[in-house]
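K.L.:
predicted model follows, preceded by the sequence.
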Amino acid sequence: MKQLSLTPMLTGLLLVLTACPGPSAGVSGERGSVQLKNWPSGTTATVTFVNLVNSAAVLEAEVTAEGGLEYRLPTLANTDLKPVGQLLASGCTANPTTANLAPVKAIGKTDGGADFYPFAIDFPLDAPRLRVGDELLNYIDSFDVGWYYSDQDVTITCSGWSEALKFKKGWNLSVTKITDAEEGVVKAVQQSSPSSLSSAFSFYAEFGASSPVLSFNFEPQGSTAMLNLEYRAKAARLLGR
């Protein structure tokens with residue numbers, strides 16, 4: 001699996017968590033209007049959308065003192081993209097093979113200097129554990145890519161995936177659905193790209209999480225991982241069970 005170092009470094013598959021009830025505009029690949037839940041009142045911040053092809057910032061979006069965030073991602077140049085074949089693991093194919101992609105991760109920093117990750121889930125934060133069917137966007141650890149830019153419509157198929165992954169030309173969301181889990185530990189996932197995030201999703205900010213090495217590939221058998229250990233320790237009552 002190819003690896004790419006960032007500052008701060010990130011970790012994961014090309015997958016992640018998902019978004020929120022938030023303001024009326026909702027969340028799609030290109031644009032979003034988000035309300036971070038449990039946001040520390042009076043704290044302002046910046047969320048940077050990072051292109052994992054070249055480690056460059058795609059966009060910087062301001063977070064209000066109330067935890068509100070709005071973004072609109074720009075069109076990317078060809079030099080910002082990577083051939084889809086370089087993101088495919090053995091057992092995966094793309095049609096057409098001429099497509100070029102850029103996976104994008106969102107990371108945050110408060111004006112006071114605290115690092116955080118904006119992530120979203122379609123299940124309550126107080127759910128006792130991760131379960132089959134849970135979906136996540138932009139989560140730390142093995143789920144850390146929330147957006148993809150593609151220069152054309154492309155379909156990606158991997159052995160072990162129940163459904164093909166379809167990206168349209170332009171910006172796309174990248175949502176991780178858990179397909180196998182045991183006692184909260186994720187055994188396998190399936191990636192999808194919905195046109196928008198449903199109102200079931202809610203965004204949160206994870207502060208103080210470590211920033212491990214990033215790797216991204218389309219994996220035939222999905223991911224074998226568990227929620228970030230630091231997060232589990234902080235939320236053991238809720239997610240550690």
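P.N.:
Right, received. Where do you want to start?
K.L.:
when you work out contacts or count neighbours from here on, use the C-alpha atoms and nothing else.
P.N.:
Fine.
K.L.:
who's in contact with the residue of the chain positioned farthest from its centre?
P.N.:
Distance from the centre of the chain peaks at G42, with 26.0 Å (C-alpha atoms, centre = their mean). For G42, the contact set (C-alpha atoms under 8 Å, 6 or more residues apart in numbering) comprises A65, E66.
K.L.:
just checking, Q35 touches G68?
P.N.:
Yes. Contact criterion C-alpha atoms under 8 Å: Q35 and G68 qualify, at 4.7 Å.
K.L.:
what about these two, which has more around it?
P.N.:
The neighbour count for Q35 versus G68, taken as other C-alpha atoms under 10 Å, is higher for Q35 (22 against 18).
K.L.:
ok, the more buried one to L136 distance?
P.N.:
Between Q35 and L136 the computed distance is 16 Å (C-alpha to C-alpha, to the nearest Å).
K.L.:
least trustworthy helix or strand in the chain by mean pLDDT?
P.N.:
Among the helices and strands of the chain, strand 3-4 carries the lowest confidence by mean pLDDT, DSSP states H and E, at a mean of 26.
K.L.:
got the CA positions of whichever helix or strand comes after it in CSV?
P.N.:
Next in sequence after strand 3-4, counting helices and strands by DSSP states H and E, comes strand 31-37. Output of strand 31-37 as CSV, limited to C-alpha atoms (Å, rounded to 0.1, in the frame of the first residue of the first chain):
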residue,chain,number,x,y,z
ARG,A,31,-20.2,22.3,-0.8
GLY,A,32,-21.4,22.0,2.7
SER,A,33,-23.0,23.8,5.6
VAL,A,34,-22.2,22.1,8.9
GLN,A,35,-22.9,22.6,12.6
LEU,A,36,-20.4,20.9,14.8
LYS,A,37,-22.1,19.3,17.9
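K.L.:
I would like the residues contacting the longest strand seen in the chain, please.
P.N.:
For the chain, the strand that runs over the most residues, judged by DSSP state E, is strand 100-110. The list of residues contacting strand 100-110 from outside it, by C-alpha under 8 Å, 6+ apart, reads 14, 43-53, 78, 80-84, 115-118, 138, 144-152.
K.L.:
make it 6 Å
P.N.:
Strand 100-110 has contacts (C-alpha atoms under 6 Å, 6 or more residues apart in numbering) with 44-52, 81-84, 115-117, 145-151.
K.L.:
for stretch 54-71, same thing?
P.N.:
31-36, 39, 41-50.
K.L.:
among those, name the buried ones.
P.N.:
When these are checked for burial by 16 or more other C-alpha atoms under 10 Å, the buried set is 31-36, 39, 44-50.
K.L.:
could you dump those into a markdown table with distance to S174 and pLDDT added?
P.N.:
Shown next, in a markdown table, are these (distance: C-alpha to C-alpha, whole Å; pLDDT from 0 to 100):
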| residue | distance to S174 | pLDDT |
| --- | --- | --- |
| R31 | 14 | 96 |
| G32 | 14 | 95 |
| S33 | 17 | 95 |
| V34 | 16 | 94 |
| Q35 | 19 | 95 |
| L36 | 19 | 95 |
| W39 | 24 | 94 |
| T44 | 27 | 97 |
| A45 | 24 | 97 |
| T46 | 21 | 97 |
| V47 | 18 | 95 |
| T48 | 17 | 94 |
| F49 | 14 | 94 |
| V50 | 14 | 91 |
